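Peer 1: Provided below are the primary sequence and the corresponding predicted coordinates.
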Amino acid sequence: MGDRSATARRELEEGAKLLLDFDKLHHVADCGQALLPVAVQDVGTKEVLLVAYVNRQALEQSLEMKVATFWSTSRNELWTKGATSGDFLDLEEIRVNCEQNSLLYLVKRRRAGACHTTDSDGVARPGCYYRRVTGDGVEFVNQK
């Protein structure tokens, strides 16, 4: 299963097929945590880096540490972005939407990366939105 899983992950993250996960919110709802979605935006460039989820503990830790912290719905645990990669996202501001059911983290990247994936040189990508939809496929944007 390891090879197949690695192959499937590579196709999902690096492939040209459009493989949208329409079941994601079902998995989020089933993780056993009360969560809010949080969009993460670079405070300087205004680039949207990623979308994640926070529970109360992740939000409190983000406020206390001034570093973006989330609830990992895949690992079902607290996740401080950068704890393993070094690609920390320093928190500048947190905004809440009109219905108070989603958040916006305005962050500064400590290093160039924000995504857990890497480019062909092994460098963390600056954000998670590195491909555009083209009909039923995807293509990379901002390639070197």
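Peer 2: Here it is on my side, so go on. Numbers count the residues shown, from 1 in each chain.

Peer 1: Would you state the strands of the chain in chain order?
Peer 2: Using DSSP state E, the strands of the chain run over 36-42, 48-54, 69-72, 77-80, 89-96, 103-109, 131-134, 137-140.

Peer 1: ranking those strands by burial, who's on top?
Peer 2: Comparing the strands of the chain by mean neighbour count (mean count of other Cβ atoms under 10 Å), strand 69-72 ranks first with a mean of 22. In this view, the C-beta of every residue, glycine as well, is placed from N, C-alpha and C.

Peer 1: name the helices or strands packed onto that strand?
Peer 2: On a contact count with 3 or more Cβ pairs under 8 Å, 6 or more residues apart in numbering; DSSP states H and E, strand 69-72 meets strand 48-54, helix 56-65, strand 77-80.

Peer 1: Which among the strands of the chain is found nearest to residue 61?
Peer 2: In terms of Cβ to Cβ, the element of these nearest to residue 61 is strand 69-72, at 4.4 Å.

Peer 1: what pLDDT, on average, does that closest one get?
Peer 2: Strand 69-72 shows a mean pLDDT of 95.

Peer 1: what's next to the helix-or-strand element of the chain with minimal mean pLDDT, contact-wise?
Peer 2: Counting by mean pLDDT, DSSP states H and E, the chain has its least confident helix or strand at helix 2-14, which shows a mean of 78. Contacts to helix 2-14, defined as Cβ atoms under 8 Å, 6 or more residues apart in numbering, come from residues 17, 19, 117.
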